[in-house]
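Q: Here's my sequence, what's the structure:
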Amino acid sequence: MNFKLASLLSASVVIAACGGGDSAIDGARDIPNRFGNTVNALDDFSTGSTGDSSNAKGLKENEVRVTMEVPAYFAPNGKPTRRNLRIVVPDRIQVYTTNHSLQKLDNVDHTIDTGDDGHFIVGFNNGLPIGPDVVIEATWNSHGGITMKALAADSDRDVKVNPFSHYVVEETLGKYQANDFQTVMDCVNDTGGGLCLNKYVWATLADQVHDFEIDIPTGANLATALAGLKDRADFATYVDGIAQYARLNESTSGSIKASSADYNSVFFGLELGETLQSDGTSAAGQWGLRSTQEEDLTNNNAEAFLYPALTLTTFDAFGLSVTSLATDMPYDRQTVTHTPDNQFATKAWLRNSHSSSPGAATLTPKSSSDDDLQPARLLSGRALYQSITYPDDSQPIGWTRNPYYFDAYTTKPSNAETGPNRVLASYFSAGKAIALSNQDGQLKRSNTLENHYLSAFELHLLRSKDFDLAKVPGDFNLVYLSGRFGGPDPIVFETGSGTLNAGNVTDNELSASISANTFTLSRAANGATSFISGTDSQALKIANRRSKLSNETLFMGRLSLCSTCPDTDYTKPDSGQGAASPDGTLLVFNLDDSSWGDGILIAGNKPSASLQTDARYRIQGALLSMTDSANELQQLNGGVLTFNSSTEATLTATQFNVSHSVSERQVTGPEGSDITEIFNYTSTPEGSLALTSITSGLQLDGFYTGDADQVFLAIKDTSRTNPRAGLLLATRIPE
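A: I've put the predicted structure just below:
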């Protein structure tokens, strides 16, 4: 639905000048509780929502509710909500159009009423805004006064006016150039013929920024609150990523051709964070590993299963073809805490779920070619559902995660009716574990138990109708990243690169001979760290794993990795579970209680093309380091690996840094920084690839596959001062 501006009206009109404005203001001032009774996320924790509360109850289709949340300093007696903010009823609101210079332009044809909860309801007579040009500005006059802005376009129609929404207005519109803003508005107004899907990103952005679990410091004014958000690299980069996404014009919007495409998912999370004491201070630093698992929904009776999955769906909305994606990935979690006196405690957590709420996405073509079957990137802002675990009846734990910008590589579809056969991505998302208390049947947030910072790998491979394991035999290159907690060395991380040779199929099993060069980074029980390079050989089996769906039982590309495979279908294999692409050229496994520990293993066939000079690849992935005094986690975000010649390559990237000072018992981050590395490299026609930095100890070993459009690299850094390990995904950038 398009929104048409009302013209020739005052550029700056307070609500008293709008229809219904006087009575609305007077009515609000007559309410004894100036802080209102809005639905509060503090009192409303549920698994069916993201971290933000919403209240569209009683609203007409053209209405939004305005909820103002100010830093605690401005309303110390206001109604507490999440993130150290207070809910208040503003003394004044304005509704107007704006531009990239943040000028107050035309008034908007609207009405203002007061809801039963005491908050303002804005009605837009020409339909709800969908673009960034309509702003709601609210003022609270207590303690020196504060004025903040929010986009009127908001997907849940509960417009929060707070430092997060104000940051979006200031740092997106305020950083656009005039031509950028015009590109955005051309999309919003459909000047290109009504095919531009990216206009809907604004409602997503306006809503999802309120899912971030970032506390505004006590005593902060607006300037310091905004500065704190800008210093949070994950938040600032998310907002910037969506702002760039919104600039894509209609020629880059697209959708998959299939009405629905389902994928087997492998999800691996590497986390660094902290456990907290009851007063909110840090108790210990904490490493964590997350690995996807299939889940038996019938109490181990093997009658119904939830399999880790991504679904891409094409549907018609507003007369347009829109691609929506949703994920549901159950996972197991292992953690180990590390105190200043080198006490280590390991824990296996109850099954949890990494699930994203359904939302629109954009599939951008590989190039300017008219061929809509070209490889592409799948772009979207993703919000995750909250989850709850019950370690005991007295203390349920709520889990909440921050949104992230999803920038994934997809391959060329096999035909116009089939989705791409893989979706590959890595990203960063922070979150919290929160103690919940049951009050009158509602779960209310209590103290924070953990802050965790997660580097995630998501590899989704298209499900097959009846996967044939005979497609797999042959020679593969491989990389892996894993961790092991407990034992003589309580923390061990390992990377490896090498080969996987698959034998012939017998009874839906094949032999797999694995050989790898390894790099192991360890922390001993006394806190000292060490590293060693070595080799490893394993003789394993790969089994075709049967899947039980609601209407049939079939082989759909899910695999078991095991030393022995007594039951290839419904029992847990002893090394890991994974999936194969429909053509069998890419295998991905979650390592789980294997000889390597918990992690991820990726294996790809020999490439069909050679690496090219001047080729550019988007880099995503994670690095970790351990020294005697610190633990660190780094997420490479939006990096570029350029092959400059037949022997030299350059890596430039922005990275998020999370640091744990062991002696100070303090975890900081994520902070942003830029890195540049120049490598000498060698490659072979069989797909192996090795890059060695000419300025540091950083080495990247792995392989390239496909049309030389995908690269997987294990990281080792033998620097004595900062040894590192990790895993990178590099995918060809459309030119």
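Q: Identify the residues contacting G697.
A: Contacts for G697 (CB atoms under 8 Å, 6 or more residues apart in numbering) come out as 717-719, 723. Yep, even glycine has a C-beta here, placed from its N, CA and C like the rest.
Q: Among those residues, the buried ones, what's the PyMOL command?
A: Buried subset of the contacts of G697, written as a PyMOL selection, criterion 16 or more other CB atoms under 10 Å:
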select buried, resi 717+718+723
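Q: could you redo the contacts of G697 as TSV and give each row pLDDT?
A: Formatted as TSV, the contacts of G697 follow (pLDDT from 0 to 100):
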residue	pLDDT
D717	96
T718	92
S719	88
P723	95
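Q: right, and out of the contacts of G697, which lies closest to P490?
A: Distance to P490, by CB to CB, is smallest for P723 among the contacts of G697, at 17.0 Å.
Q: Please identify which helix or strand holds the closest residue to that closest one other than its chain neighbours.
A: Leaving aside its sequence neighbours, P723 sits nearest to F531 (CB to CB, 6 or more residues apart in numbering; 4.6 Å). Using DSSP states H and E, the element containing F531 is strand 529-548.
Q: Who are the packing partners of whichever helix or strand comes after that strand?
A: Following strand 529-548 in sequence order, the next helix or strand is strand 553-562 (DSSP H and E). Strand 553-562 sits against strand 260-276, strand 529-548, strand 576-580, strand 586-594, with contacts defined as 3 or more CB pairs under 8 Å, 6 or more residues apart in numbering; DSSP states H and E.
Q: and the third one, which residues are buried?
A: With burial defined by 16+ other CB under 10 Å, the residues of strand 576-580 counted as buried are 576-580.
Q: C-alpha coordinates for that strand, CSV please?
A: Only the C-alpha atoms of strand 576-580 are listed here, as CSV (Å, rounded to 0.1, in the frame of the first residue of the first chain):
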residue,chain,number,x,y,z
GLY,A,576,28.2,-36.2,13.7
GLN,A,577,25.3,-35.5,11.5
GLY,A,578,25.1,-33.5,8.3
ALA,A,579,23.8,-33.2,4.8
ALA,A,580,24.8,-33.4,1.1
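Q: centre of the chain versus that strand, how much separation?
A: Put simply, strand 576-580 sits 22 Å off its chain's centre (CA atoms, centre = their mean, to the nearest Å).
Q: can you check stretch 231-249 too?
A: On the basis of CA atoms, centre = their mean, stretch 231-249 is displaced by 13 Å from the centre of the chain it belongs to.
Q: Show me what the mean pLDDT comes to for it.
A: Taken as a whole, stretch 231-249 has an average pLDDT of 89.
Q: Could you do stretch 389-405 as well?
A: Across stretch 389-405, pLDDT averages out at 87.
Q: can you pull the contacts of the residue nearest in space to the middle of the chain?
A: Ranked by distance to the mean C-alpha position of the chain (CA atoms, centre = their mean), the top residue is Y404 at 3.5 Å. The contact partners of Y404, by CB under 8 Å, 6+ apart, come to 234, 238, 381-382, 427-429, 456.
Q: Over to L623?
A: When contacts are counted by CB under 8 Å, 6+ apart, L623 touches 633-634, 636, 655, 715, 717, 724-726.
Q: how about a cut-off of 10 Å?
A: The contact partners of L623, taken as CB atoms under 10 Å, 6 or more residues apart in numbering, are 270, 455, 481, 495, 632-636, 655, 657, 675, 698, 715, 717, 724-728.
Q: Mind listing the residues bridging to F555?
A: Beta-bridge partners recorded for F555 (DSSP bridges): R546.
Q: what about the strands in the stretch 151-300 of the chain?
A: 158-161, 260-276, 282-292, 295-296 (DSSP state E, counting those that start in this stretch).
Q: Please identify the most buried of those.
A: Among these, strand 158-161 has the highest mean neighbour count (mean count of other CB atoms under 10 Å), at a mean of 25.
Q: picking up where we left off before, buried residues of the strand holding F531, list them for me.
A: For strand 529-548, burial by neighbour count (16+ other CB under 10 Å) applies to 529, 531, 536, 538, 540-548.
Q: can those go into a markdown table with extra columns for distance to Q182 and pLDDT?
A: Output for those, formatted as a markdown table (distance: CB to CB, whole Å; pLDDT from 0 to 100):
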| residue | distance to Q182 | pLDDT |
| --- | --- | --- |
| T529 | 54 | 97 |
| F531 | 53 | 97 |
| D536 | 57 | 96 |
| Q538 | 58 | 93 |
| L540 | 57 | 95 |
| K541 | 59 | 95 |
| I542 | 54 | 96 |
| A543 | 56 | 95 |
| N544 | 54 | 95 |
| R545 | 52 | 94 |
| R546 | 55 | 93 |
| S547 | 50 | 93 |
| K548 | 53 | 91 |
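Q: low pLDDT regions in this protein?
A: For the chain, the stretches with pLDDT under 70 are 1-38, 191-195, 249-259, 314-322, 365-375, 392-393, 414-417, 568, 735.
Q: in it, which spans are helices?
A: Assigned helices in the chain, in chain order: 21-30, 163-172, 178-188, 201-208, 222-231, 233-246 (criterion: DSSP state H).
Q: what's the closest of those helices to D116?
A: D116 lies closest to helix 21-30 among those, at 10.9 Å (CB to CB).
Q: L478 and T668, how far apart?
A: In this view, L478 and T668 are 35 Å apart by CB to CB, to the nearest Å.
Q: Could you do I130 as well?
A: I130 is 38 Å from T668, where distance means CB to CB.
Q: likewise E274?
A: 10 Å.
Q: Give the residues shared as contacts by the two.
A: 658, 660.
Q: contacting residues around the nearest residue in space to Y263 that is not next to it in sequence?
A: The shortest distance from Y263 to any residue other than its chain neighbours is 3.7 Å, reached at H460 (CB to CB, 6+ apart). Applying CB under 10 Å, 6+ apart to H460 gives the contacts 261-267, 308-312, 325, 327, 329, 378, 408, 410, 419-425, 579, 588.
Q: what about 6 Å?
A: Counting by CB atoms under 6 Å, 6 or more residues apart in numbering, H460 touches 263, 265, 310, 423.
Q: wait, which of those residues is closest to T81?
A: Here the nearest of these to T81, counting by CB to CB, is L310; it sits at 32.7 Å.
Q: separation between the closest one and F406?
A: Using CB to CB, L310 is found at 11 Å from F406.
Q: Same check on T389?
A: 25 Å.
Q: Give the residue from these two that has the larger number of neighbours.
A: Neighbour count, other CB atoms under 10 Å: between T389 and F406, F406 has more, with 22 against 16.
Q: all strands of the stretch 301-450 of the chain, in order?
A: Along the stretch 301-450 of the chain, counting by DSSP E, counting those that start in this stretch, strands occupy 305-306, 309-317, 320-338, 344-348, 352-365, 376-382, 387-389, 397-401, 404-410, 422-439, 442-462.
Q: Ok, which of these comes nearest A227?
A: Per CB to CB, nearest to A227 of those: strand 422-439, 18.3 Å.
Q: Which neighbouring elements make contact with that closest one?
A: In terms of contacts (3 or more CB pairs under 6 Å, 6 or more residues apart in numbering; DSSP states H and E), strand 422-439 is packed against strand 397-401, strand 404-410, strand 442-462.
Q: relative to strand 422-439, how tilted is the first one?
A: Looking back up the chat, that one is strand 397-401. Orientation check (axes from the mean of the first three to the mean of the last three CA atoms, to 10 degrees): strand 397-401 against strand 422-439 gives 140 degrees.
Q: now what about strand 397-401, what contacts it?
A: Applying CB under 6 Å, 6+ apart, the contact partners of strand 397-401 are 45, 51, 213, 384, 386-389, 429, 431-434, 436.
Q: Stretch 552-567: which residues count as buried?
A: The neighbour-count check on stretch 552-567 (16+ other CB under 10 Å) flags 555-562, 565 as buried.
Q: Distance to S355 added to the residues you listed, as a markdown table?
A: Listed next are these as a markdown table, based on distance: CB to CB, whole Å:
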| residue | distance to S355 |
| --- | --- |
| F555 | 25 |
| M556 | 20 |
| G557 | 21 |
| R558 | 19 |
| L559 | 23 |
| S560 | 24 |
| L561 | 25 |
| C562 | 28 |
| C565 | 29 |
